[in-house]
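Visitor: A predicted structure for the sequence below; I have some questions about it.
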Amino acid sequence: MDLSSRALLSVFACLLSACGPVMALGQNLREMRAMWTLRGEVRVEGWSGAPIVAMVLRAPPDEGAPYEIVDYERLERPGPYRFLVEAGTFRVVAFEDANADLHYQPGERIGAYRGYLDVEVDRARASLDIVVRDLESRAARAIARAAPATPEARSLHIGEVRPLSAPRFSAAVGRMGMWEPLDFMREHGAGLFFLEPYDPSRVPVVFVHGAAGYPREFAFFIERLDRRRFQPWVVQYPSGWDLAEVADYFDRAMTEVRVRLRFDRLCLVAHSAGGLVARRMLERHAARRMTPGVRSFVSIASPLGGMASAGVGVTASPLVVPAWRSLDPGGDLVRHLYDQPLPEAMRYALLFTYEDEVVPLSSQLRADAQSEADLVRGLHGSHAGVLRSEHAATVLNEELGRCYDGFARANESAISP
């Protein structure tokens, strides 16, 4: 019996006994249905190449009071933005952030949806397009009174330095992300975290966990990294959330951190359902003809063909974890996961586990994935146990070495006379 089947049985058992986790899941699902998406396109007249900040602000209860920043997104170039909000009254703006301080200041060109009018949100709102053209206006000056954007003002944490021992990276928080995804976002937020200050002389390795997973699961691999050449980063997200939406968050995080740091090489390592999140993120970048700087992608024991038991859960369970729809072989995410090929310059290693009790081999070895893989390698160990395997660490480090070799060659070329 695989993980999704066991989870489905536990849902039915808990419903009969009104147990805590499933009661919490039900409450989270009800509140998630009351959330709405704001999305649109930012266009900049005569764009200068400066970073662009799209921002959603909540209207104040009292006229004349400052607006509250709900969330913001730093864009590499003019293009789409997307925010998830609860019902309310909002203002959506975008500006050229000439001094990269994430705060609008007079002299920076700015624009807003509907000429700075507020938007009532009680349903999903698409096509909230913004044109950035004005240097300043009376309405823009009013927005400048909002408190400056800070990491605490958003649901997505990017580039914060935390040790792997931090409480947020624990197994308990990982379980919360599966069964209480909205509470997870409210209490912790998703993010791309650094385990040490950024060092441009070393190649980042980003680790992406799977369902009910957590960053500390990668401790064994991280301990065996050559820290003279590599620096570890970790992704954390609520794994019970819709995985396509999680990939959108990951897409935003990767874009923003690259705008900020301007690195040109990164290695990506994903376990279990994290492989779908990572592949979807790469597909989104490829579709927009953008590069997140990823030169090497390694998936480990990933259900690339989906999980049949997740499809059963979608049709049979009275409470459906959103991630089950993402893992359903007939769902949109799995069916369209390979619509866009990976860039030719990106190396892909598909690592599967022979003794996996969670993900069937047929799903790990999806034909589309094998076709684009530069390496297909079997590993011994269980689904979770592979993350503590010396053999797996050796194979992974060999792949990371190939990723680093290109970085070293590029540096040698840059300094040669």
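Guide: Happy to help now that I have it. Quick caveat, the model's predicted, so the values are computed rather than measured. Numbering: from 1, shown residues only.

Visitor: Distance of the spatially most central residue of the chain relative to Gly381?
Guide: The residue lying closest to the centre of the chain (Cα atoms, centre = their mean) is Phe250, at 2.0 Å. Separation of Phe250 from Gly381 (Cβ to Cβ, to the nearest Å) stands at 26 Å. Just so you know, the C-beta spots here come from the backbone N, C-alpha and C atoms, and that holds for glycine as well.

Visitor: Same question for Gly177.
Guide: 24 Å.

Visitor: More neighbours: which of those two?
Guide: Neighbours were counted for Gly177 and for Gly381 using other Cβ atoms under 10 Å; Gly177 has more, 27 against 18.

Visitor: Leaving out sequence neighbours, find the closest residue to the more buried one.
Guide: With Cβ to Cβ, 6 or more residues apart in numbering as the criterion, Gly177 has its nearest non-adjacent residue at 3.9 Å, and that residue is Pro238.

Visitor: what does Pro329 give?
Guide: Excluding the flanking residues, the one nearest Pro329 by Cβ to Cβ, 6+ apart is Gly306, at 3.4 Å.

Visitor: who's in contact with the one you found?
Guide: With contacts defined as Cβ atoms under 8 Å, 6 or more residues apart in numbering, the neighbours of Gly306 are Leu327, Asp328, Pro329, Gly330, Gly331, Val334, Ser363.

Visitor: Inside helices: which ones of those?
Guide: Judged by DSSP state H, those include Leu327, Val334, Ser363 as members of helices.

Visitor: List buried residues within those.
Guide: Buried subset of the ones in helices among the contacts of Gly306 (neighbour count, 16 or more other Cβ atoms under 10 Å): Leu327, Val334, Ser363.

Visitor: mind pulling up the phi and psi values for the nearest residue to the second one once chain neighbours are set aside?
Guide: Pointing back at Val334 there. Distances taken as Cβ to Cβ, 6+ apart place Gly306 nearest to Val334, at 3.9 Å, with adjacent residues excluded. Note on Gly306: backbone dihedrals following degrees, to the nearest 10 are phi 90, psi -180.

Visitor: And Ala87, by the same measure?
Guide: Taking degrees, to the nearest 10 as the convention, Ala87 sits at phi -60, psi 140.

Visitor: now Pro163
Guide: phi -70, psi 150.

Visitor: hey, where'd the helices end up in the protein?
Guide: 3-17, 20-32, 138-143, 171-179, 181-187, 219-223, 243-261, 274-287, 308-316, 322-327, 332-335, 361-364, 367-372, 390-415.

Visitor: quick revisit: can you put the ones in helices among the contacts of Gly306 in JSON lines and add pLDDT and distance to Thr37?
Guide: Formatted as JSON lines, the ones in helices among the contacts of Gly306 follow (pLDDT from 0 to 100; distance: Cβ to Cβ, whole Å):
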{"residue": "Leu327", "pLDDT": "95", "distance to Thr37": "21"}
{"residue": "Val334", "pLDDT": "97", "distance to Thr37": "22"}
{"residue": "Ser363", "pLDDT": "97", "distance to Thr37": "29"}
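
Visitor: which among these gets closest to Asp264?
Guide: Nearest to Asp264 among those, counting by Cβ to Cβ, is Val334 at 31.3 Å.

Visitor: Pretty sure that closest one sits against Ala323.
Guide: No: the criterion here is Cβ atoms under 8 Å, and Val334 misses it with Ala323 at 11.9 Å.

Visitor: Can you report how many residues neighbour Ser48?
Guide: 8.

Visitor: Repeat that for Val85.
Guide: If you count neighbours by other Cβ under 10 Å, Val85 ends up with 19.

Visitor: Run through the bridge partners of it.
Guide: Judged by DSSP bridges, the bridge partners of Val85 are Trp36.

Visitor: who are the neighbours in contact with it?
Guide: Shown in contact with Val85 (Cβ under 8 Å, 6+ apart): Met35, Trp36, Thr37, Leu38, Val56, Val70, Asp71, Val121.

Visitor: which one among these gets closest to Val269?
Guide: Distance to Val269, by Cβ to Cβ, is smallest for Asp71 among the contacts of Val85, at 28.0 Å.
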